[in-house]
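Participant: From the sequence below, what's the structure:
(one chain, ligands or ions: 3)
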Amino acid sequence: MQSLGGIRSWPATYRATTASMTTTTESMRKVAQVVTVAGSDSGAGAGIQADIKVCSARGVYCASVITAVTAQNTHGVQSVHLLPPEFVSEQLKSVLSDLQIDVVKTGMLPSPEIVDVLLQSLSEYPVRALVVDPVMVSTSGHVLAGSSILSIFRERLLPVADIITPNVKEAAALLGGGVRIQTVAQMRSAAKSLHDMGPRFVLVKGGDLPDSSDSVDVYFDGKEFHELHSPRITTRNTHGTGCTLASCIAAELAKGSNMLSAVKVAKRFVDSALNYSKDIVIGSGMQGPFDHFLRLKKKDLRQSTFNPDDLFLYAVTDSRMNKKWNRSIVDAVKAAIEGGATIIQLREKEAETREFLEEAKSCVEICRSNGVCLLINDRVDIALACDADGVHVGQSDMPVDLVRSLLGPDKIIGVSCKTEEQAHQAWKDGADYIGSGGVFPTNTKANNRTIGLDGLKEVCKASKLPVVAIGGIGISNAESVMRIDEPNLKGVAVVSALFDQQCVLTQAKKLHKTLRESKREQQ
Ligand SMILES: Cc1ncc(COP(=O)(O)OP(=O)(O)O)c(N)n1
Ligand SMILES: Cc1ncsc1CCOP(=O)(O)O
Ligand SMILES: [Mg+2]
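Facilitator: Numbering: from 1, shown residues only. Ligands and ions are numbered 1, 2, ... in the order given. Predicted coordinates for the structure are as follows:
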């Protein structure tokens, strides 16, 4: 199977079937489809069972080709039974010759013969993308695919993979030669060496890195590296994390995402699921599974898609500043994201509606392809028209409960609060987060009372909602803000520190680094 630069061409059988289906009735809908080629986990935390749950949770149909059956629970793997390669081949044929599979995701491929039949099937029935999670050892330390598979992985599977998602141990095993991966710098170097083996994208997962307060994954596209940070979640329920991440990437690709966006969404999904399930008790062993269906179960469905950690570096645009520095909103947003902004708000007080809408649509596209949420300041109409991820309103803008009724349950709503009472009301009205400030004096917003660090602390203490600090914040004082050490203070929102600057990218990178360092100090 040749590795295609983007979308692979459909096999003739698929095109014929789709054509006849679409002529049958106009209303037929193509459903995004993944097949997982992996092992069964009787405890249902990982393997085929996890893959089906993830895809279902992400709205994607998931077929399964079973390579091995494991007797497994939260204590570990008790025994493994490999399926004959001919039978794996039969399953592949059944699925790929009938269903309209968009993406193949692989997990446990326990023998070279099974990898061989998979490669044969893929050459006969090409798909749009191949996601390879090179599963080798279970969470409990049981070998699921030994060194016999390494040469066929290196020589034949990796060259046709669109993305591979090894953890540091798997990356070291694939590279061979006693490579040690214990730092982010070594993860980058491993990602590059693995990329040289042929996959289009590499994600080296750093969850097992020693001495790291964050969980850092390194993504490499052949040219650029991205470090994807998320807070480490302390829980026993981590069994199946790798399968979940790879399946979620596959599901997002099947829905049409580009690779970076799929990876970011997947990482966010895993973090949210881990966080949501950190206290559940299933089984008596040390490797508990987690719950993939958080969206269905969360009492407050409104907050299910919003990750409070996205408030870490909140970039708020300003039309006057962009004009002054002669850059478009789109360029400003691109640079902020590249520099590490974790959420964007378009605050374009002077823009004409038509022009603003067009710019907002372009920004939605950029943000979506980078897995970053985009909110609109004040203008609920613009947010609806461009399908932004949400809105930020102040105390004299449209009331939050009305915004909620207009935007529906899934959009993000932020509200400005200076006082305890406003913070209580924000929760009652159904806001997702609070913007609190101005913390320090600012020229960006006229006639705005400064509340200081004490005022910020008061708002944080008064609410269960996540809070982002705003007003006069930049590289020189961001650390003092984060040092107030309130658990729901998630980050800083800045306008001039990014956009009233010659180089948005440089300033964003510096501010991101400052925030990371101050967070590390607190841990
Ligand atoms: C994250 C964030 N926090 C506060 C504000 C201020 O909003 P508001 O009080 O409505 O004032 P304007 O921005 O509309 O002037 C914000 N925009 N973002
Ligand atoms: C919109 C807003 N809301 C409270 S202060 C402020 C302005 C923040 O701008 P800057 O980061 O340039 O001080
Ligand atoms: Mg406002």
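
Participant: any idea how far the residue lying farthest from the centre of the chain is from ligand 2?
Facilitator: The centre of the chain is farthest from one residue, Asn447, which by C-alpha atoms, centre = their mean lies 38.3 Å away. The gap separating Asn447 from ligand 2 is 11 Å, by C-beta to the nearest ligand atom, to the nearest Å. All C-beta spots, glycine's among them, are computed from the backbone N, C-alpha and C.

Participant: Likewise for Arg368?
Facilitator: From Arg368 over to ligand 2 the distance is 24 Å, taken as C-beta to the nearest ligand atom.

Participant: residue contacts, that residue?
Facilitator: Residues in contact with Arg368 (C-beta atoms under 8 Å, 6 or more residues apart in numbering) are 261, 374.

Participant: mind checking the SS state of it?
Facilitator: helix (DSSP: H, G, I helix; E, B strand; the rest coil).

Participant: Please report how far it lies from Ala493.
Facilitator: 21 Å (C-beta to C-beta, to the nearest Å).

Participant: which parts of this protein sit against ligand 3?
Facilitator: Applying C-beta under 5 Å from the ion, we find that the chain lies next to ligand 3 at 378, 394, 397.

Participant: Leu122 versus the spatially closest residue to the first one that is not a sequence neighbour, what's the distance?
Facilitator: Closest residue in space to Asp378, ignoring its immediate chain neighbours: Asp397 at 5.2 Å, by C-beta to C-beta, 6 or more residues apart in numbering. Between Asp397 and Leu122 the distance is 53 Å, computed by C-beta to C-beta.

Participant: For those two, indicate the residue with more neighbours.
Facilitator: Taking other C-beta atoms under 10 Å, Asp397 and Leu122 do not tie; Leu122 has more neighbours (20 against 17).

Participant: secondary structure class for that one?
Facilitator: Leu122 ends up helix, using three-state DSSP.

Participant: Wait, it touches Pro159, no?
Facilitator: No. Taking C-beta atoms under 8 Å as the definition, Leu122 is not a contact partner of Pro159, at 11.9 Å.

Participant: what do these two both touch?
Facilitator: Among the neighbours of Leu122, none is also in contact with Pro159 (C-beta under 8 Å, 6+ apart).

Participant: What residues does the protein have near ligand 2?
Facilitator: Contacts of the chain with ligand 2, taken as C-beta under 6 Å from any ligand atom, map to 437-438, 442, 444-445, 448, 470-473, 494-497.

Participant: List the ones among those that fall in strands.
Facilitator: Among the residues of the chain next to ligand 2, the ones falling in strands (DSSP state E) are 437, 470, 494.

Participant: filter the residues of the chain next to ligand 2 down to the ones close to ligand 1.
Facilitator: Answer for those near ligand 1 (C-beta under 6 Å from any ligand atom): 445, 470.

Participant: Measure how buried the residue of the stretch 1-150 of the chain found nearest ligand 1 is and give me the count.
Facilitator: Closest to ligand 1 within the stretch 1-150 of the chain is Arg58: 28.5 Å, counting by C-beta to the nearest ligand atom. Using other C-beta under 10 Å as the criterion, Arg58 is surrounded by 22 other residues.

Participant: Ok, the one 3 residues further on next?
Facilitator: With neighbours defined by other C-beta under 10 Å, the count for Tyr61 comes to 18.

Participant: Return the distance of it relative to Gly256.
Facilitator: 15 Å.

Participant: what does Cys62 give?
Facilitator: 17 Å.

Participant: Good, we can wrap up now.
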